[in-house]
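Colleague: My questions concern the predicted model and sequence given below.
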Amino acid sequence: PRGNRARRPPLASPPSAPPVTYLQFHFVFTLPVLAGLALLQGRTREPWWPLGVLVGVAFVYTTPWDNYLVARAIWTYPPEAVMATVGYVPVEEYAFFVIQTVITGLWTRLLQARWPVRVQPEADLRVRAVGASVFGVLGLLGVACLVAAGHWLYLGLIVAWAFPVLAGMWWLGGHLIWARRRLVAWAVVPITLYLWVADRIAIGLGIWDITDATRTGWEILGLPVEEALFFLVTNLLVAQGLVMLERVRRDG
């Protein structure tokens, strides 16, 4: 009879593929670039201490900011994709602070060797004031985004975190940055474009994600505009910092 027919056990769901890990991301996208640029450093005699200073500053300044992002679930990651966390942030993310700074710094050093400073520019107050004012106003807009919160929160956190520093850099050494604007552009644009692609792939693979509730929803080919802005401004901070330290080490 139908009622006595043995029931077959439900078909087991196929096991899901293990996630691509954050460490694997580094082995594919960041560490090979770092190694390649490191091998090319034999072509330059630029001193190493300016890059060391920037790595230290970047790590200290970014750590509390990134911990806040993860604590507020603005930036998220699957626990199985990382090895461990310190505070709220994966150790691979801390490594990214250092790796990105070194990559951009090594690339900038190669450009500095190719385009050495010929004549030190005079301290032009107008250039410094204009640059500082532009970044200062943008920084205030970032504060406004923070106050608005919601979908503006991540954008506000990036702008309010980075743009006051950029304003200060221009106030102190905007004439140096302006005189080396070609070098800064070449230092920032290629690395930024590469990291945009790498970031977009990482998000697509689920290595990390940006919460919809705290971002604007604007995207560039699937990359959240906030992520694009983050890599642009962080690379700008590194390149400008090395340009400003050119004057310090030559005067010393």
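Modeller: Arrived safely.
Colleague: helix, strand or coil for Met83?
Modeller: coil (DSSP: H, G, I helix; E, B strand; the rest coil).
Colleague: contacting residues for it?
Modeller: Shown in contact with Met83 (C-beta atoms under 8 Å, 6 or more residues apart in numbering): Thr21, Tyr22, Leu23, Pro90, Val91, Glu92. C-beta coordinates here come from the backbone N, C-alpha and C atoms, glycine included.
Colleague: which SSE is the third one in?
Modeller: Secondary structure assignment for Leu23, by DSSP states H and E: helix 22-25.
Colleague: helices or strands up against that helix?
Modeller: When contacts are defined as 3 or more C-beta pairs under 8 Å, 6 or more residues apart in numbering; DSSP states H and E, helix 22-25 packs onto helix 91-114, helix 181-205.
Colleague: Kindly compare burial across the ones you listed and name the winner.
Modeller: helix 91-114 (a mean of 20; mean count of other C-beta atoms under 10 Å).
Colleague: Please enumerate residues in contact with the helix or strand that comes right after that helix?
Modeller: Next helix or strand after helix 91-114 toward the C-terminus (DSSP H and E): helix 125-148. Contact with helix 125-148 is made by 152-153, 155-161, 163-164, 166-168, 170-175, 177-178, as judged by C-beta under 8 Å, 6+ apart.
Colleague: hmm, 10 Å instead?
Modeller: 121, 124, 151-179, 216, 233, 236, 240 (C-beta atoms under 10 Å, 6 or more residues apart in numbering).
Colleague: What subset of these is buried?
Modeller: Buried residues within the contacts of helix 125-148, defined by neighbour count using 16 or more other C-beta atoms under 10 Å: 121, 152-167, 169-171, 173-179, 216, 233, 236, 240.
Colleague: Which of those fall within strands?
Modeller: Under the assignment DSSP state E, the buried ones among the contacts of helix 125-148 contribute nothing to strands.
Colleague: ok so, going back, make CSV from the helices and strands packed on helix 22-25 and add mean pLDDT and distance to Glu226 to it.
Modeller: Output for the helices and strands packed on helix 22-25, formatted as CSV (pLDDT from 0 to 100; distance: least, C-beta to C-beta, whole Å):
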stretch, mean pLDDT, distance to Glu226
helix 91-114, 96, 16
helix 181-205, 97, 11
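Colleague: Would you format the ones you listed as a markdown table with distance to Pro224 included?
Modeller: As requested, the helices and strands packed on helix 22-25 are exported to a markdown table (distance: least, C-beta to C-beta, whole Å):
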| stretch | distance to Pro224 |
| --- | --- |
| helix 91-114 | 17 |
| helix 181-205 | 8 |
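Colleague: nearest to Met244, of those helices?
Modeller: Of all the helices and strands packed on helix 22-25, it is helix 181-205 that lies closest to Met244, at 10.5 Å by C-beta to C-beta.
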